[in-house]
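Q: sequence first, predicted model second:
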Amino acid sequence: MSIRPSKPAPATPAPGKLPLPELAQMKRRGDKIVMVTAYDASSGRLADAAGIDLILVGDTAAMVVLGHESSTVPVTMEEMLFMTRAVTRGARRPLVVGDMPFGSYQVSDEDAVRNAIRFVKEGGADVVKLEGAGPSLSRVRAIVGAGIGVMGHLGLTPQSATVLGGFKAQGRSAEKARQLLDDARALEAAGCFALVLEAVPAAVSAKITETLEIPTIGIGAGAACDGQVLVWHDLLGLYGGRTPRFVKQYANLGAEIERALEEYAADVRSGAFPEERHTYAIPEEELARFESDDVHSHDH
(Lines give C-alpha, C1' and ligand atoms only; values in the text may rest on other atoms or scores of the structure.)
Protein backbone atom coordinates (compact mmCIF):
# COMPACT_ATOMS: atom_id res chain seq x y z
CA MET A 1 0.00 0.00 0.00
CA SER A 2 1.39 3.39 -0.93
CA ILE A 3 1.54 6.20 1.60
CA ARG A 4 0.26 9.40 0.06
CA PRO A 5 1.58 12.76 1.22
CA SER A 6 -0.99 14.85 3.09
CA LYS A 7 -0.34 17.81 0.80
CA PRO A 8 1.12 18.06 -2.71
CA ALA A 9 4.88 18.44 -2.88
CA PRO A 10 6.09 21.91 -3.89
CA ALA A 11 6.94 22.39 -7.57
CA THR A 12 10.53 23.25 -6.64
CA PRO A 13 12.73 22.02 -3.83
CA ALA A 14 12.42 24.34 -0.83
CA PRO A 15 16.09 24.39 0.24
CA GLY A 16 18.28 26.96 -1.45
CA LYS A 17 17.53 29.64 -3.98
CA LEU A 18 14.85 29.25 -6.65
CA PRO A 19 16.84 28.59 -9.87
CA LEU A 20 16.23 31.16 -12.62
CA PRO A 21 15.53 28.52 -15.36
CA GLU A 22 12.74 27.16 -13.13
CA LEU A 23 10.59 30.19 -14.05
CA ALA A 24 10.45 29.19 -17.74
CA GLN A 25 9.66 25.62 -16.67
CA MET A 26 6.83 26.91 -14.46
CA LYS A 27 5.37 28.69 -17.49
CA ARG A 28 5.55 25.49 -19.56
CA ARG A 29 3.89 23.49 -16.77
CA GLY A 30 1.21 26.12 -16.25
CA ASP A 31 2.31 26.77 -12.63
CA LYS A 32 1.57 30.39 -11.71
CA ILE A 33 4.50 32.55 -10.54
CA VAL A 34 3.97 34.70 -7.43
CA MET A 35 5.85 37.98 -7.00
CA VAL A 36 5.49 40.69 -4.35
CA THR A 37 7.47 43.83 -3.62
CA ALA A 38 9.38 44.15 -0.34
CA TYR A 39 11.66 46.84 1.05
CA ASP A 40 13.19 45.54 4.31
CA ALA A 41 14.48 42.40 6.02
CA SER A 42 11.32 41.51 7.95
CA SER A 43 9.19 41.80 4.78
CA GLY A 44 11.71 39.64 2.89
CA ARG A 45 11.59 37.03 5.65
CA LEU A 46 7.77 36.98 5.75
CA ALA A 47 7.51 36.70 1.95
CA ASP A 48 10.01 33.83 2.04
CA ALA A 49 8.07 32.05 4.81
CA ALA A 50 4.85 32.44 2.77
CA GLY A 51 6.42 30.63 -0.22
CA ILE A 52 6.62 33.64 -2.56
CA ASP A 53 8.70 32.91 -5.71
CA LEU A 54 10.07 36.36 -6.58
CA ILE A 55 10.61 39.50 -4.51
CA LEU A 56 10.88 42.80 -6.35
CA VAL A 57 12.66 45.53 -4.40
CA GLY A 58 10.61 48.03 -6.34
CA ASP A 59 11.18 51.70 -7.05
CA THR A 60 7.60 52.08 -5.77
CA ALA A 61 9.52 52.52 -2.51
CA ALA A 62 9.71 56.19 -3.56
CA MET A 63 6.01 56.50 -2.72
CA VAL A 64 5.17 53.74 -0.23
CA VAL A 65 8.36 53.89 1.89
CA LEU A 66 9.99 57.27 1.30
CA GLY A 67 6.83 59.37 1.04
CA HIS A 68 7.31 61.01 -2.36
CA GLU A 69 4.05 62.18 -3.91
CA SER A 70 2.82 59.94 -6.74
CA SER A 71 6.15 59.38 -8.50
CA THR A 72 8.83 56.69 -8.52
CA VAL A 73 11.37 59.02 -10.14
CA PRO A 74 13.02 60.56 -7.01
CA VAL A 75 14.32 57.29 -5.48
CA THR A 76 18.12 57.08 -5.79
CA MET A 77 20.49 54.24 -6.59
CA GLU A 78 21.90 54.44 -3.04
CA GLU A 79 18.42 54.17 -1.51
CA MET A 80 17.57 51.19 -3.74
CA LEU A 81 20.82 49.42 -2.80
CA PHE A 82 20.18 50.06 0.90
CA MET A 83 16.71 48.45 0.70
CA THR A 84 17.88 45.58 -1.53
CA ARG A 85 20.60 44.66 0.98
CA ALA A 86 17.99 44.59 3.74
CA VAL A 87 15.58 42.38 1.77
CA THR A 88 18.29 39.88 0.82
CA ARG A 89 19.16 39.44 4.51
CA GLY A 90 15.58 38.32 5.15
CA ALA A 91 14.78 36.34 1.99
CA ARG A 92 16.55 33.04 1.34
CA ARG A 93 14.63 31.07 -1.32
CA PRO A 94 12.89 33.74 -3.44
CA LEU A 95 14.79 35.33 -6.31
CA VAL A 96 15.40 38.97 -5.38
CA VAL A 97 14.93 41.43 -8.26
CA GLY A 98 16.61 44.84 -7.94
CA ASP A 99 14.48 47.51 -9.63
CA MET A 100 16.81 49.87 -11.49
CA PRO A 101 15.71 53.42 -10.58
CA PHE A 102 15.18 56.28 -13.01
CA GLY A 103 18.57 57.62 -14.14
CA SER A 104 20.51 54.44 -13.42
CA TYR A 105 20.29 53.01 -16.97
CA GLN A 106 18.93 55.75 -19.27
CA VAL A 107 22.24 57.44 -20.08
CA SER A 108 24.30 54.61 -21.62
CA ASP A 109 24.87 50.86 -21.80
CA GLU A 110 28.03 51.29 -19.68
CA ASP A 111 26.08 53.11 -16.97
CA ALA A 112 23.39 50.42 -17.05
CA VAL A 113 25.92 47.59 -16.69
CA ARG A 114 27.80 49.39 -13.91
CA ASN A 115 24.61 49.93 -11.90
CA ALA A 116 23.30 46.41 -12.54
CA ILE A 117 26.61 45.08 -11.22
CA ARG A 118 26.18 47.26 -8.11
CA PHE A 119 22.75 45.72 -7.51
CA VAL A 120 24.30 42.23 -7.55
CA LYS A 121 27.60 42.98 -5.76
CA GLU A 122 26.52 45.58 -3.21
CA GLY A 123 22.78 44.92 -3.00
CA GLY A 124 22.89 41.13 -3.09
CA ALA A 125 20.17 41.04 -5.77
CA ASP A 126 19.94 37.96 -7.99
CA VAL A 127 18.73 39.85 -11.08
CA VAL A 128 17.56 43.34 -12.09
CA LYS A 129 14.48 44.91 -13.70
CA LEU A 130 14.25 47.88 -16.01
CA GLU A 131 11.44 49.61 -17.88
CA GLY A 132 10.57 50.04 -21.53
CA ALA A 133 11.83 48.78 -24.88
CA GLY A 134 13.36 51.00 -27.61
CA PRO A 135 16.59 52.40 -26.08
CA SER A 136 16.30 49.86 -23.23
CA LEU A 137 16.91 46.98 -25.65
CA SER A 138 20.63 47.66 -25.95
CA ARG A 139 20.74 48.08 -22.15
CA VAL A 140 19.18 44.63 -21.72
CA ARG A 141 21.67 43.07 -24.16
CA ALA A 142 24.60 44.74 -22.37
CA ILE A 143 23.50 43.70 -18.87
CA VAL A 144 22.70 40.13 -19.96
CA GLY A 145 26.09 40.12 -21.72
CA ALA A 146 27.68 40.94 -18.35
CA GLY A 147 26.08 37.81 -16.90
CA ILE A 148 23.15 39.40 -15.03
CA GLY A 149 19.54 38.36 -15.61
CA VAL A 150 17.11 41.11 -16.67
CA MET A 151 13.35 41.32 -16.18
CA GLY A 152 11.59 43.66 -18.61
CA HIS A 153 8.60 45.92 -17.88
CA LEU A 154 6.03 47.14 -20.43
CA GLY A 155 2.65 48.87 -20.41
CA LEU A 156 2.36 51.48 -17.71
CA THR A 157 6.01 52.19 -16.98
CA PRO A 158 5.86 54.48 -13.92
CA GLN A 159 9.25 56.11 -14.54
CA SER A 160 7.89 57.56 -17.78
CA ALA A 161 4.28 58.10 -16.60
CA THR A 162 4.44 61.81 -17.48
CA VAL A 163 5.19 61.02 -21.13
CA LEU A 164 2.43 58.38 -21.16
CA GLY A 165 -0.13 60.90 -19.87
CA GLY A 166 -0.21 59.79 -16.26
CA PHE A 167 -0.91 56.54 -14.45
CA LYS A 168 -3.39 54.91 -16.80
CA ALA A 169 -3.85 51.73 -18.82
CA GLN A 170 -1.74 51.29 -21.96
CA GLY A 171 -2.29 49.39 -25.21
CA ARG A 172 -5.99 50.21 -25.60
CA SER A 173 -5.89 50.83 -29.35
CA ALA A 174 -4.97 48.28 -32.03
CA GLU A 175 -1.78 50.21 -32.87
CA LYS A 176 -0.70 50.56 -29.24
CA ALA A 177 -1.48 46.89 -28.54
CA ARG A 178 0.57 45.84 -31.60
CA GLN A 179 3.44 48.03 -30.37
CA LEU A 180 3.32 46.31 -26.96
CA LEU A 181 3.47 42.89 -28.62
CA ASP A 182 6.40 43.98 -30.82
CA ASP A 183 8.21 45.45 -27.80
CA ALA A 184 7.60 42.26 -25.79
CA ARG A 185 9.10 40.14 -28.61
CA ALA A 186 12.06 42.53 -28.84
CA LEU A 187 12.74 42.31 -25.08
CA GLU A 188 12.60 38.52 -25.24
CA ALA A 189 15.03 38.55 -28.18
CA ALA A 190 17.34 40.93 -26.27
CA GLY A 191 17.62 38.32 -23.50
CA CYS A 192 15.03 39.15 -20.80
CA PHE A 193 14.14 36.11 -18.66
CA ALA A 194 10.65 37.48 -17.78
CA LEU A 195 8.42 40.45 -18.49
CA VAL A 196 6.18 42.54 -16.23
CA LEU A 197 3.00 43.79 -17.95
CA GLU A 198 1.38 46.68 -16.04
CA ALA A 199 -2.10 48.12 -16.65
CA VAL A 200 -2.50 46.35 -19.99
CA PRO A 201 -5.91 45.12 -21.26
CA ALA A 202 -6.38 41.44 -20.35
CA ALA A 203 -6.89 40.33 -23.95
CA VAL A 204 -3.66 42.04 -25.04
CA SER A 205 -1.72 40.47 -22.17
CA ALA A 206 -3.17 37.06 -23.05
CA LYS A 207 -1.88 37.41 -26.63
CA ILE A 208 1.58 38.54 -25.45
CA THR A 209 1.74 35.69 -22.89
CA GLU A 210 0.78 33.12 -25.53
CA THR A 211 3.34 34.51 -28.01
CA LEU A 212 6.37 34.65 -25.70
CA GLU A 213 8.40 31.73 -24.39
CA ILE A 214 9.49 33.74 -21.33
CA PRO A 215 6.99 34.18 -18.48
CA THR A 216 4.84 37.29 -18.16
CA ILE A 217 4.03 38.71 -14.73
CA GLY A 218 0.94 40.87 -14.62
CA ILE A 219 -0.08 43.80 -12.46
CA GLY A 220 -3.47 44.95 -13.65
CA ALA A 221 -2.97 42.85 -16.79
CA GLY A 222 -5.51 40.04 -16.36
CA ALA A 223 -5.46 36.38 -15.33
CA ALA A 224 -3.80 34.96 -18.45
CA CYS A 225 -0.34 36.17 -17.40
CA ASP A 226 2.06 33.48 -16.14
CA GLY A 227 2.28 35.19 -12.75
CA GLN A 228 1.13 38.18 -10.74
CA VAL A 229 2.79 40.91 -8.68
CA LEU A 230 1.34 43.31 -6.14
CA VAL A 231 2.91 46.05 -4.04
CA TRP A 232 3.37 45.04 -0.38
CA HIS A 233 1.71 48.17 1.05
CA ASP A 234 -1.25 47.89 -1.34
CA LEU A 235 -2.12 44.24 -0.70
CA LEU A 236 -1.67 44.62 3.08
CA GLY A 237 -3.59 47.89 3.38
CA LEU A 238 -0.61 49.93 4.57
CA TYR A 239 -0.56 52.68 1.95
CA GLY A 240 -2.45 55.87 2.74
CA GLY A 241 -2.72 57.08 -0.85
CA ARG A 242 -5.09 56.06 -3.63
CA THR A 243 -4.60 52.47 -4.74
CA PRO A 244 -5.11 51.47 -8.40
CA ARG A 245 -8.23 49.49 -9.39
CA PHE A 246 -6.16 46.36 -10.04
CA VAL A 247 -5.18 46.02 -6.36
CA LYS A 248 -6.85 43.38 -4.22
CA GLN A 249 -6.40 44.25 -0.54
CA TYR A 250 -5.85 41.06 1.48
CA ALA A 251 -5.60 42.75 4.89
CA ASN A 252 -6.13 46.15 6.46
CA LEU A 253 -2.96 46.32 8.54
CA GLY A 254 -2.88 50.12 8.45
CA ALA A 255 -6.04 50.32 10.60
CA GLU A 256 -4.75 47.57 12.89
CA ILE A 257 -1.41 49.37 13.41
CA GLU A 258 -3.21 52.65 14.12
CA ARG A 259 -5.45 50.90 16.69
CA ALA A 260 -2.42 49.34 18.43
CA LEU A 261 -0.58 52.69 18.57
CA GLU A 262 -3.63 54.49 19.99
CA GLU A 263 -3.99 51.79 22.66
CA TYR A 264 -0.27 52.10 23.52
CA ALA A 265 -0.51 55.90 23.76
CA ALA A 266 -3.59 55.65 26.02
CA ASP A 267 -1.82 53.12 28.30
CA VAL A 268 1.26 55.33 28.65
CA ARG A 269 -0.82 58.42 29.39
CA SER A 270 -3.00 56.62 31.98
CA GLY A 271 -0.06 54.86 33.64
CA ALA A 272 -1.41 51.40 32.68
CA PHE A 273 1.88 50.69 30.87
CA PRO A 274 4.44 49.60 31.90
CA GLU A 275 3.19 47.07 34.50
CA GLU A 276 5.44 45.35 37.00
CA ARG A 277 5.94 42.39 34.65
CA HIS A 278 7.52 44.77 32.13
CA THR A 279 10.20 45.97 34.57
CA TYR A 280 13.44 44.64 36.08
CA ALA A 281 14.24 44.26 39.80
CA ILE A 282 17.39 44.87 41.85
CA PRO A 283 18.18 42.65 44.89
CA GLU A 284 17.13 44.28 48.20
CA GLU A 285 20.69 44.38 49.60
CA GLU A 286 22.03 45.99 46.42
CA LEU A 287 19.24 48.56 46.55
CA ALA A 288 20.09 49.29 50.20
CA ARG A 289 23.75 49.77 49.29
CA PHE A 290 22.80 51.95 46.34
CA GLU A 291 20.66 54.15 48.56
CA SER A 292 23.17 54.22 51.46
CA ASP A 293 25.95 56.72 52.09
CA ASP A 294 28.57 54.14 50.87
CA VAL A 295 27.55 54.68 47.29
CA HIS A 296 27.01 58.42 47.65
CA SER A 297 30.48 58.84 49.16
CA HIS A 298 31.99 57.84 45.77
CA ASP A 299 30.53 60.97 44.29
CA HIS A 300 32.67 63.24 46.48
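A: Sure, I can see it.
Q: pull the contacting residues for the residue lying closest to residue 71 once chain neighbours are set aside.
A: Beyond its immediate neighbours in the sequence, the residue positioned closest to residue 71 (C-beta to C-beta, 6 or more residues apart in numbering) is residue 62, lying 6.4 Å away. Just so you know, the C-beta spots here come from the backbone N, C-alpha and C atoms, and that holds for glycine as well. With contact set as C-beta atoms under 8 Å, 6 or more residues apart in numbering, residue 62 has these partners: 68, 71, 72, 73, 74, 75, 101.
Q: so the second one sits against residue 161, correct?
A: Yes: Residue 71 sits in contact with residue 161 when judged by C-beta atoms under 8 Å, with a separation of 7.4 Å.
Q: against residue 45, how distant is residue 290?
A: Per C-beta to C-beta, to the nearest Å, residue 290 is found 42 Å from residue 45.
Q: neighbour count: these two, which is higher?
A: Just comparing residue 290 and residue 45: by other C-beta atoms under 10 Å the higher neighbour count belongs to residue 45, 16 against 11.
Q: the strand or helix carrying residue 218 - what's its average pLDDT?
A: Secondary structure from DSSP states H and E places residue 218 in strand 216-219. Across strand 216-219, the average pLDDT comes to 98.
Q: and stretch 17-29, by the same measure?
A: Here stretch 17-29 scores 96 as its mean pLDDT.
Q: so where's this structure shaky on pLDDT?
A: Judged by pLDDT under 70, the chain has its weakly predicted residues at 1-15, 162-168, 293-300.
Q: all strands for the stretch 1-150 of the chain, in order.
A: 33-37, 54-57, 95-99, 127-129, 149-155 (DSSP state E, counting those that start in this stretch).
Q: tell me what the residue nearest in space to the middle of the chain is bridged to.
A: With distances taken as C-alpha atoms, centre = their mean, the residue of the chain nearest its centroid is residue 37 (1.8 Å). Residues in a beta bridge with residue 37, per DSSP bridges, are residue 56.
Q: was I right about it contacting residue 235?
A: No: checked against C-beta under 8 Å, the pair residue 37 and residue 235 is beyond contact range at 9.2 Å.
Q: which residues touch the nearest residue to residue 81 once chain neighbours are set aside?
A: The shortest distance from residue 81 to any residue other than its chain neighbours is 4.6 Å, reached at residue 123 (C-beta to C-beta, 6+ apart). Listed by C-beta under 8 Å, 6+ apart, the contact partners of residue 123 are 57, 80, 81, 84, 85, 88, 98.
Q: and those, which is closest to residue 262?
A: The shortest gap between residue 262 and any of the contacts of residue 123 belongs to residue 57, at 31.4 Å (C-beta to C-beta).
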